[in-house]
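>>> Got a predicted structure here, sequence first:
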Amino acid sequence: MSDTDDLTPAEARIWRAFPRGESVDFRVSEDEDPALGGSWDAERTVRASVLRALLLKAPQEAGEIAALKISGARIVGVLDLKYATVDAAIRLSHCQFDDVPDLYGAHLRQLNLTKSVLPGLTSAGLRIERVLRITGCRMRGPVRLGGAHISGALFMEQAEFGAPDDSEPVLQLNQAVIEADLWAPQMRARGQVRLTGASIAGRVNLQEAEFDVPGGTALDAQNLSVGAHVRARRVRARGRVELRGSRITGRLDLVHAVLSNPGETALRASSCVIGELWLRGGERLEGALNLRRSQIEILTLEPEKLPDEVHLGNLAYTALAPHEPAERRLPMLERDGDRYEPYGYEQLTAAYRHVGDDDAARIVQLAKQRRRRATLTWYGRLWGYVQDATVGYGFRPLRAAVWLLSLLAVGSIAYGLDHPRPVKPGESPDFNPVFYTLDLLLPVINFGQESAFAPDGRHQWLSYGLIITGWILATTIVAGVTRTINRQ
């Protein structure tokens, strides 16, 4: 005898309602907790095998649209629909499932499990023609949706995911295809959520969601593809957020996000292509930030948000916001380990030039040369200090003028008080201390004073000092001008 030959009153009620798509509500109040379903009596208990038979074999009524709509029932046994094709919409809301439903490879029209309590869900390879809704569900075991194909949206608002152990992710959406939005604000996951290789054509909403895997990977979304925005404002993650290799066409919004993974990487968005990345507001990241090799059109990054360890090697961005003085941006380049990487300085320089702030761009370039100096040999560092002190590596050209004017004043006063003797008395031009000093300082200019007069004693040593200093200034100025021309 089959289960359908001996239906209970509750099952018979559902059987009669199904062909007409009518709802069957067993709840005594709208706010009752389905987690207490284990204590519900036989009047609210339905066998999963009966529901299976109903979905696969129940007769249809002409002119009616069949649908399974149940609220507040206790479903016992395994709802086994693996590889099944079901044309009727299924809504099993506010229900208690004793066993894990098996929807592996099933082809369903629509599935709604809103606010139900389940020990898990086996549904890898599931195909949904419209939407899958697990809004407010409490999942006590793994939800396996790997490889699922949902033609509509996936709704998981306020859903809770957990498992007795951490042997596998609590939510698996790896390689899933969602042709509309993934909507999961205020979702709670006590275990890893896996979205590796998933493709979402629309938006992703994770606002105020929580991911909790301390010391592990809380959200694994490597190679994720999103066709619009990812809204993750006020998201809280204890554990690594892994986005390596992802493509997000729109905005990755992490405003006021709290990301914590002490001693390890808190956010890894390396090798990504992102339209905009917003990382501002709220608490400072606790753990490293890795944006290496990513391409970001607009990077909104507040200095206060950055952790002590930042990896930006080969990060490319067009604009950097908000506009901050160069002195507040440079520390993020100095936190990228001890290795000198010039690309980061060039990228920051380009961002300042993009908004027309040439002064900030020069400050960044000067910082780059000073950072590079630490990697040189002792004589290279010595020459670097000379260039820095005299002309600021060519980015402080007025400093050379100050040096020249100061030395010109010293020489003019010294030689004006004590004229050097003429080399050929009676044939020498009138002595001019200013032009004589310029002759000593400027190796490429000859006013005829230096060759006509010969200082002695301490003034001779002064002339040697002016000649050497002039050559150093001339060399550093030429090096600085050459660097500026090459940069432009």
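Yep, that arrived.

>>> can you map out the helices along the stretch 1-150 of the chain?
Using DSSP state H, counting those that start in this stretch, the helices found in the stretch 1-150 of the chain span residues 9-17, 48-57.

>>> Would you mind putting those helices into a markdown table with distance to Ala452 and mean neighbour count alongside?
The C-beta positions use only the backbone N, C-alpha and C, and glycine is treated the same way. Output for those, formatted as a markdown table (distance: least, C-beta to C-beta, whole Å; neighbours: other C-beta atoms under 10 Å):
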| stretch | distance to Ala452 | mean neighbour count |
| --- | --- | --- |
| helix 9-17 | 117 | 17 |
| helix 48-57 | 112 | 18 |
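
>>> okay, those helices in TSV with mean pLDDT next?
Listed next are these as TSV, based on pLDDT from 0 to 100:
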stretch	mean pLDDT
helix 9-17	91
helix 48-57	92
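
>>> Torsion angles phi and psi at Ile65?
Note on Ile65: its backbone torsions stand at phi -110, psi 110 [degrees, to the nearest 10].

>>> count of neighbours near the nearest residue to it once chain neighbours are set aside?
Once flanking residues are discounted, Ile65 sits nearest to Gly21: 5.0 Å by C-beta to C-beta, 6 or more residues apart in numbering. Per other C-beta atoms under 10 Å, the neighbour tally for Gly21 reads 16.

>>> same check, this time on Pro331
Neighbours of Pro331 (other C-beta under 10 Å): 12.

>>> which residues touch it?
For Pro331, the contacting residues are 303, 306, by C-beta atoms under 8 Å, 6 or more residues apart in numbering.

>>> And it, its phi and psi?
Here Pro331 shows phi and psi, under degrees, to the nearest 10, equal to phi -60, psi -30.

>>> Over to Lys305?
Backbone dihedrals for Lys305, given as degrees, to the nearest 10, come out at phi -80, psi -20.

>>> Surely it and Glu286 touch.
No: in this structure Lys305 lies outside contact range of Glu286 using C-beta atoms under 8 Å: 11.1 Å.

>>> just to revisit the earlier point, touching, the residue nearest to Ile65 and Lys69? I think so.
Yes: with contacts counted by C-beta under 8 Å, Gly21 reaches Lys69, the gap being 6.8 Å.

>>> tell me, what's touching these two both at once?
What both Gly21 and Lys69 touch, as defined by C-beta under 8 Å, 6+ apart, is the set Ala89.

>>> Contacts only, for the residue nearest in space to the middle of the chain.
Centroid check for the chain by C-alpha atoms, centre = their mean gives Ala269 as the closest residue, at 4.7 Å. Counting by C-beta under 8 Å, 6+ apart, Ala269 touches 243-244, 246, 252, 277, 290-291, 294.

>>> cool, Phe18 as well?
With contact set as C-beta under 8 Å, 6+ apart, Phe18 has these partners: 54, 58, 66-68, 88.

>>> Now render the helices of the stretch 1-150 of the chain as JSON lines, adding distance to Leu405.
As requested, those are exported to JSON lines (distance: least, C-beta to C-beta, whole Å):
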{"stretch": "helix 9-17", "distance to Leu405": "97"}
{"stretch": "helix 48-57", "distance to Leu405": "93"}
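
>>> So which of the ones you listed is nearest Ile467?
helix 48-57 (98.8 Å; C-beta to C-beta).

>>> and the closest one with helix 9-17, angle?
Between the axis of helix 48-57 and that of helix 9-17 there is an angle of 10 degrees, by axes from the mean of the first three to the mean of the last three C-alpha atoms, to 10 degrees.

>>> Show me what helix 48-57 is in contact with.
2-4, 7, 11, 14-15, 18, 68, 75-81, 84, 86, 88, 90, 99, 101.

>>> Output it as CSV, restricted to C-alpha atoms.
Provided in CSV are the C-alpha atoms of helix 48-57 (Å, rounded to 0.1, in the frame of the first residue of the first chain):
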residue,chain,number,x,y,z
ALA,A,48,7.8,14.0,2.7
SER,A,49,6.9,11.0,0.6
VAL,A,50,3.3,12.2,0.2
LEU,A,51,4.6,15.6,-0.9
ARG,A,52,6.9,13.9,-3.5
ALA,A,53,4.0,11.9,-4.9
LEU,A,54,1.8,15.0,-5.0
LEU,A,55,4.4,16.9,-7.0
LEU,A,56,5.2,14.1,-9.4
LYS,A,57,1.9,12.3,-9.9
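
>>> still on that earlier bit, now which of the contacts of helix 48-57 would you call buried?
Buried members of these, counted by 16 or more other C-beta atoms under 10 Å: 3-4, 7, 11, 14-15, 18, 68, 75-81, 84, 86, 88, 90, 101.

>>> mind listing which of these are in strands?
Using DSSP state E, the subset of the buried ones among the contacts of helix 48-57 located in strands is 68, 75-76, 86, 90.

>>> Show the backbone phi and psi for the residue lying closest to Ile134 once chain neighbours are set aside.
Nearest residue to Ile134, sequence neighbours excluded (C-beta to C-beta, 6+ apart): Leu113, at 5.0 Å. Dihedral pair for Leu113: phi -120, psi 30, per degrees, to the nearest 10.
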